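Trainee: Have a look; sequence and predicted model below, questions after that.
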Amino acid sequence: LQLDLFFFIISKLRKDEKDTIYKLDIKELSNLTGKRYNGAYLHKATADMGSRMLEVEDAKEYRQIWMFQQIRYLKGEGIIEFDLTKYVLPYLFQLKNNFTSYELAAALRLTSKYAKRIYQICSQWKDLGETKKYDLQDFKKMLGLLDEKGNEKMERISQLREKVLDVAVKQINEHTELNVSYKLEKRGKTFKNITFTVKPQALAETIPFDLEPSIASPIGLAPHQVENAGRLLAQLSITTPALVATILASAAHVAACNKFAHDLKTGKHAKAHSLSGLLLTILGLKKPTNGPLFDAATTKQG
């Protein structure tokens, strides 16, 4: 729940807004996550969040920062009012810059706390296609599975696979714009390291509430629809700036891309020789017989 609230706060940050107060509608959060929240559960979660201290250090100074000045519950309205500190805002905006509105909504759909954390980790490496090699013990600490005294919640590797890794990978692949897999590496008879492969994917899902828009979109379309179309183009290696701009500037093209993404997910285009070529043909940007309107060299797959 703390992660749900944290992602929700980040999704609502307003650019060029100096006000530190943000009101979050619990019904809105519940509609997105599919969970019901009772008062006592929320009170405990926000109390724990309020007690957390953030540490920031550079060559000149070491700082301790708290997130909230106060948290108010507006009775009868289902609203929680978070009054953020001015010192934490720059760091929260820095985090928001790593996520599109669609990605924040997708992260909120993850029900496993381990899936949420692994999604955050993988998101940092999505442009490289693979995470760094994490020492398995350090990785467990990052997930809260190993404390400072060396006590483990899941000692057997089979437990880690079944209850953490496999669940997280399944949820991330079903609900987010990332397709991930993991590889455990042995040293002798003991597993020592873990690496995740990270690939973009397009999902034809809708966001059931309005997040702060992160990109401009054609009239009649929500920002997440354009973002989803952009992810599909990246997935198919359609990356030429002029071509991408042409597609994303058209409401009809964006709608066709989202339908194509849905068809991909349901296996409709499984036998297509060139998915990028097929999409460009559907969009009318490539002729099926007499050659493309945009040269095939504009994509890596042709």
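Mentor: Nice, thanks for sending it over.
Trainee: how about stretch 32-50: buried residues?
Mentor: 32-33, 37, 42, 45-46, 49 (16 or more other Cβ atoms under 10 Å). Just so you know, the C-beta spots here come from the backbone N, C-alpha and C atoms, and that holds for glycine as well.
Trainee: any chance of these in JSON lines, plus distance to Val226?
Mentor: Formatted as JSON lines, the buried residues of stretch 32-50 follow (distance: Cβ to Cβ, whole Å):
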{"residue": "Leu32", "distance to Val226": "20"}
{"residue": "Thr33", "distance to Val226": "24"}
{"residue": "Tyr37", "distance to Val226": "31"}
{"residue": "Leu42", "distance to Val226": "33"}
{"residue": "Ala45", "distance to Val226": "33"}
{"residue": "Thr46", "distance to Val226": "34"}
{"residue": "Met49", "distance to Val226": "32"}
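Trainee: Let's see which of these end up in helices.
Mentor: Counting by DSSP state H, these place 32-33, 42, 45-46, 49 in helices.
Trainee: which one among those gets closest to Phe260?
Mentor: Closest approach to Phe260 among these (Cβ to Cβ): Leu32, at 25.2 Å.
Trainee: so what's that closest one scoring on pLDDT?
Mentor: If you check Leu32, the pLDDT there is 75.
Trainee: again, but for Ala234
Mentor: Confidence score, pLDDT, at Ala234: 82.
Trainee: pretty sure it is touching Pro200, no?
Mentor: Yes. Between Ala234 and Pro200 there is a contact at 5.1 Å, judged by Cβ atoms under 8 Å.
Trainee: before we move on, the earlier item: so which of the buried residues of stretch 32-50 comes closest to Ile282?
Mentor: Of all those, Leu32 has the smallest distance to Ile282: 31.1 Å, by Cβ to Cβ.
Trainee: separation between that closest one and Leu110?
Mentor: Separation of Leu32 from Leu110 (Cβ to Cβ, to the nearest Å) stands at 11 Å.
Trainee: same check, this time on Lys192
Mentor: On the measure of Cβ to Cβ, Lys192 and Leu110 end up 27 Å apart.
Trainee: Looking at strand pairing, list the partners for Ile21.
Mentor: Beta bridges link Ile21 to Asp83, judged by DSSP bridges.
Trainee: so what's it up against?
Mentor: By Cβ atoms under 8 Å, 6 or more residues apart in numbering, the contact list for Ile21 reads 81-84.
Trainee: again with Lys113
Mentor: Counting by Cβ under 8 Å, 6+ apart, Lys113 has contacts Leu3.
Trainee: what's the nearest residue to Lys199 if we skip its chain neighbours?
Mentor: Asn179 (4.6 Å; Cβ to Cβ, 6 or more residues apart in numbering).
Trainee: for the stretch 101-250 of the chain, what spans make up the helices?
Mentor: Assigned by DSSP state H, counting those that start in this stretch, the stretch 101-250 of the chain shows helices spanning 101-109, 113-123, 136-142, 157-159, 166-175, 223-235, 241-248.
Trainee: which residues are in contact with the shortest one?
Mentor: Contact with helix 157-159 is made by 184, 191, as judged by Cβ under 8 Å, 6+ apart.
Trainee: Report the rounded mean pLDDT for that helix.
Mentor: Mean predicted confidence for helix 157-159 is 92.
Trainee: repeat for stretch 167-179
Mentor: Averaging pLDDT along stretch 167-179 gives 89.
Trainee: Regarding Ile65, what are the backbone dihedral angles?
Mentor: Note on Ile65: its backbone torsions stand at phi -130, psi 140 [degrees, to the nearest 10].
Trainee: Count the residues that sit near the closest residue to Tyr87 other than its chain neighbours.
Mentor: Leaving aside its sequence neighbours, Tyr87 sits nearest to Ile65 (Cβ to Cβ, 6+ apart; 5.0 Å). When counting by other Cβ atoms under 10 Å, one arrives at 13 neighbours for Ile65.
Trainee: what is Ile65 paired to in the beta sheet?
Mentor: Beta bridges link Ile65 to Leu54, judged by DSSP bridges.
Trainee: Correct me if wrong: it contacts Arg52.
Mentor: No. In this structure, Ile65 is not within contact of Arg52 by Cβ under 8 Å, at 9.9 Å.
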